[in-house]
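>>> Give me a model of this one.
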Amino acid sequence: MIKEILNTEVKSKENEGLFVNVIKNYIVKHEVKVPFQIPNFSVLLIKAGNLRIQFSSHGKVIRRRNLLVIPVNSICTSLKATDNIELYLIRTSFDFVLDNCYKKELADAFSILMLQSDHKIKLEEKDFTVLWMIYKLMYFLQRSSESQEVYKDLKRISFNLFIYELKVIYSKYVPDANLDFSRKESLIIQFLTVLAIHYRKQHHVQFYAGSLYVTPGHLNKMVKLLTGKSAKTFIIEALVIEAKNLLDDSQHSIAKIADELEFSSAANFSVFFKRHTSVLPSEYRLNKNRPL
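Below is the predicted model:
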């Protein structure tokens with residue numbers, strides 16, 4: 001269950017791009033060892049029990065009052081929780097953050113956190129209680145069926161309160177974490193913002209570099225320097241994730257998906273998809289729909 005939640009991408013149209021999960025009295029059946037990608041920016045808060053999570057070669061054990069920030073597209077290689085674990089999880093995306101922050105400096109700080117390596121922080125009781133109450137407020141507002149404008153405003157206010165508290169926590173517990181952004185970090189944030197808007201139609205680094213008034217080589221170099229991945233890799237990953245989302249919906253034909261993602265033909269889309277997933281789009285759809 002925990003893997004399924006972490007591994008599910010939050011789309012902008014679902015809960016306006018923000019999802020709050022609360023897991024209580026979770027009974028562990030087995031340890032998850034198969035690597036999987038965490039496609040969203042995620043923040044875990046543990047209220048009870050332990051969670052052992054491993055990224056690549058380093059692992060972390062998260063206990064009560066521990067906060068774990070998981071950057072976008074992290075690869076989890078192992079995941080195991082104790083029985084009756086209780087945790088709170090917020091998952092969101094770049095475009096949601098950019099659209100819903102009241103202050104630009106909060107969006108900038110949050111975006112930098114979304115690019116940094118995973119951080120585990122052991123909170124003092126007071127700080128834990130404050131953050132836990134914000135999680136509960138966001139969870140309550142998410143579950144509310146009220147559609148009035150006041151509820152939408154409350155959801156946005158609570159999210160900004162969460163970002164502000166997260167920034168305060170980092171300033172207190174991780175003083176070396178510079179949440180003011182450099183010119184390099186600003187370029188990456190701008191690239192990811194443009195990518196979130198145009199990735200369906202624009203597949204080449206040249207477009208994004210031109211939008212940011214830099215050369216493709218410079219953009220690739222800066223993105224690689226700060227994230228460990230090239231700009232082209234980010235474009236490919238965004239396309240693959242969106243292609244999988246569209247393939248999961250049986251109403252979309254492969255030809256229609258190829259057209260929506262601006263491929264010249266269904267055949268070219270199939271070649272691209274197989275090159276980056278090892279299976280054809282038709283095989284992926286068949287495997288997803290095959291009963292367990």
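
>>> What is the burial count for His218?
13 (other Cβ atoms under 10 Å). (C-beta placed from N, C-alpha, C; glycine too.)

>>> Quick check, Asp248 in contact with Lys288.
Yes: the criterion here is Cβ atoms under 8 Å, and Asp248 meets it with Lys288 at 6.1 Å.

>>> can you give me the strands in the chain?
For the chain, applying DSSP state E gives strands covering 18-26, 36-38, 41-48, 51-55, 58-62, 66-70, 74-81, 85-92, 119-122.

>>> I'd like those laid out as TSV, including mean neighbour count and mean pLDDT.
Compiled in TSV, the strands of the chain are given as follows (neighbours: other Cβ atoms under 10 Å; pLDDT from 0 to 100):
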stretch	mean neighbour count	mean pLDDT
strand 18-26	18	81
strand 36-38	18	81
strand 41-48	21	89
strand 51-55	19	83
strand 58-62	14	77
strand 66-70	21	89
strand 74-81	18	82
strand 85-92	22	88
strand 119-122	16	86
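
>>> among the ones you listed, which is nearest Ser278?
strand 36-38 (14.6 Å; Cβ to Cβ).

>>> Neighbouring strands of that closest one in the sheet, and parallel or not?
If you go by DSSP bridges, strand 36-38 pairs up with strand 74-81 (antiparallel).

>>> separation between Cys2 and Cys76?
One correction, residue 2 is Ile, not Cys. Ile2 sits 10 Å away from Cys76, going by Cβ to Cβ, to the nearest Å.

>>> To clarify, my last question referred to Val279.
On the measure of Cβ to Cβ, Val279 and Cys76 end up 21 Å apart.

>>> Where do the helices of the stretch 51-200 of the chain begin and end?
94-100, 104-113, 125-143, 149-173, 183-198 (DSSP state H, counting those that start in this stretch).

>>> Redo these as TSV? Include mean neighbour count and distance to Lys224.
What follows is the helices of the stretch 51-200 of the chain, written out as TSV (neighbours: other Cβ atoms under 10 Å; distance: least, Cβ to Cβ, whole Å):
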stretch	mean neighbour count	distance to Lys224
helix 94-100	19	18
helix 104-113	19	17
helix 125-143	16	33
helix 149-173	16	25
helix 183-198	17	10
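
>>> Low-confidence ranges, the stretch 101-250 of the chain, go.
By pLDDT under 70, the weakly predicted segments of the stretch 101-250 of the chain are 115-118, 144-151, 177-182, 185, 189.

>>> redo that, cut-off 80
Filtered on pLDDT under 80, the stretch 101-250 of the chain yields the residue ranges 102-119, 143-154, 171, 174-186, 188-190, 192-193, 196-197, 226-229, 249-250.

>>> quick one on the thing from earlier: can I get the strands of the chain in a markdown table including distance to Leu154?
Formatted as a markdown table, these follow (distance: least, Cβ to Cβ, whole Å):
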| stretch | distance to Leu154 |
| --- | --- |
| strand 18-26 | 13 |
| strand 36-38 | 28 |
| strand 41-48 | 20 |
| strand 51-55 | 30 |
| strand 58-62 | 29 |
| strand 66-70 | 23 |
| strand 74-81 | 30 |
| strand 85-92 | 16 |
| strand 119-122 | 27 |
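
>>> nearest to Val240, of those?
Closest among the strands of the chain, once you apply Cβ to Cβ, is strand 36-38, at 10.1 Å.

>>> roughly how far apart are the residue lying closest to Val61 once chain neighbours are set aside and Thr215?
Excluding its sequence neighbours, the residue lying closest to Val61 (Cβ to Cβ, 6 or more residues apart in numbering) is Arg52, at 5.1 Å. For Arg52, the distance to Thr215 equals 44 Å [Cβ to Cβ].

>>> One more: Ala109?
Ala109 is 28 Å from Thr215, by Cβ to Cβ.

>>> same thing with Ser265?
Distance from Ser265 to Thr215, by Cβ to Cβ: 30 Å.

>>> shouldn't the residue nearest to Val61 be in contact with Cys76?
No: with contacts defined as Cβ under 8 Å, Arg52 does not count as touching Cys76, sitting 10.9 Å away.

>>> Overlap of the contact sets of those two?
Residues touching both Arg52 and Cys76 by Cβ atoms under 8 Å, 6 or more residues apart in numbering: none at all.
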